[in-house]
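Enquirer: Need a 3D model of the following:
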Amino acid sequence: MGSTYVTHTIRATDRKKIGDLLAGRKAMVSTASGGVVVVYDKDCNSLGKEAPLDLAKMLSASLNAVVFVVINLDDDVLIYWLFKNGTPIDAYDSRPDVSKGPIGGHAHILCEAFASPNIEATEFILRSEEYVSAFDRHTHLVKALGLAPELAGFSSLVADSFTTGFGESASTGIGGNP
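Expert: This next block holds a predicted model:
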């Protein structure tokens, strides 16, 4: 069984403001790295596809920012949506069904959102049918976008180790441990 997670990568660095927007939720906010912050929200991992989209739209609109929401389904399928100022501007599914290759996803839109010049590499990652692992595809995608690869997944984080408040820890719990 592979990993399953949802991440919201936000092109913003104000963890306090992001934390305020997440008040009352069981979520974590990473430290700012490369001009982005990643949010892990417990409900987004268990309430179906609409919960991550609703959170992405709210965060993107409230922060006037780009939000890249990624869903890894059992390490078999990688799905993403890209929001800008509350509006969805791109979407992707690595495996809409077993007989089709990846659909959606526009490398130039994704690269522009994160100021990455790596359009060709991003296009290859999106279209390649060589990826067996959705986590690997996600990791390569964030690298091509110029982001830290450790921002790709939830699997390396231990929920019981989250701290409360906005200290110097690598991630901060909001509203309790996810």
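Enquirer: so Tyr131 makes contact with Ser94?
Expert: Yes - assessed by C-beta atoms under 8 Å, Tyr131 is found in contact with Ser94 at 7.2 Å. For glycine as for every other residue, the C-beta is placed from the backbone atoms N, C-alpha and C.
Enquirer: Give the residues shared as contacts by these two.
Expert: Arg137 (C-beta atoms under 8 Å, 6 or more residues apart in numbering).
Enquirer: ok, the two, which is more surrounded?
Expert: Per other C-beta atoms under 10 Å, whichever of Tyr131 and Ser94 has more neighbours is Ser94, with 25 against 18.
Enquirer: Helices of the chain, start to end?
Expert: Residue ranges of the helices in the chain, as given by DSSP state H, are 15-21, 50-63, 107-113, 119-127, 134-144.
Enquirer: so can I have TSV of these showing mean pLDDT, mean neighbour count and distance to Val38?
Expert: Putting the helices of the chain into TSV (pLDDT from 0 to 100; neighbours: other C-beta atoms under 10 Å; distance: least, C-beta to C-beta, whole Å) gives the following:
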stretch	mean pLDDT	mean neighbour count	distance to Val38
helix 15-21	91	17	10
helix 50-63	95	19	11
helix 107-113	97	19	15
helix 119-127	97	18	19
helix 134-144	92	22	10
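Enquirer: Which one, of those helices, ends up nearest to Leu73?
Expert: helix 134-144 (6.9 Å; C-beta to C-beta).
Enquirer: That closest one to helix 119-127, inter-axis angle?
Expert: Following axes from the mean of the first three to the mean of the last three C-alpha atoms, to 10 degrees, one obtains 170 degrees for the angle between helix 134-144 and helix 119-127.
Enquirer: so what does helix 134-144 touch, helix or strand wise?
Expert: strand 66-73, strand 77-84, helix 119-127 (3 or more C-beta pairs under 8 Å, 6 or more residues apart in numbering; DSSP states H and E).
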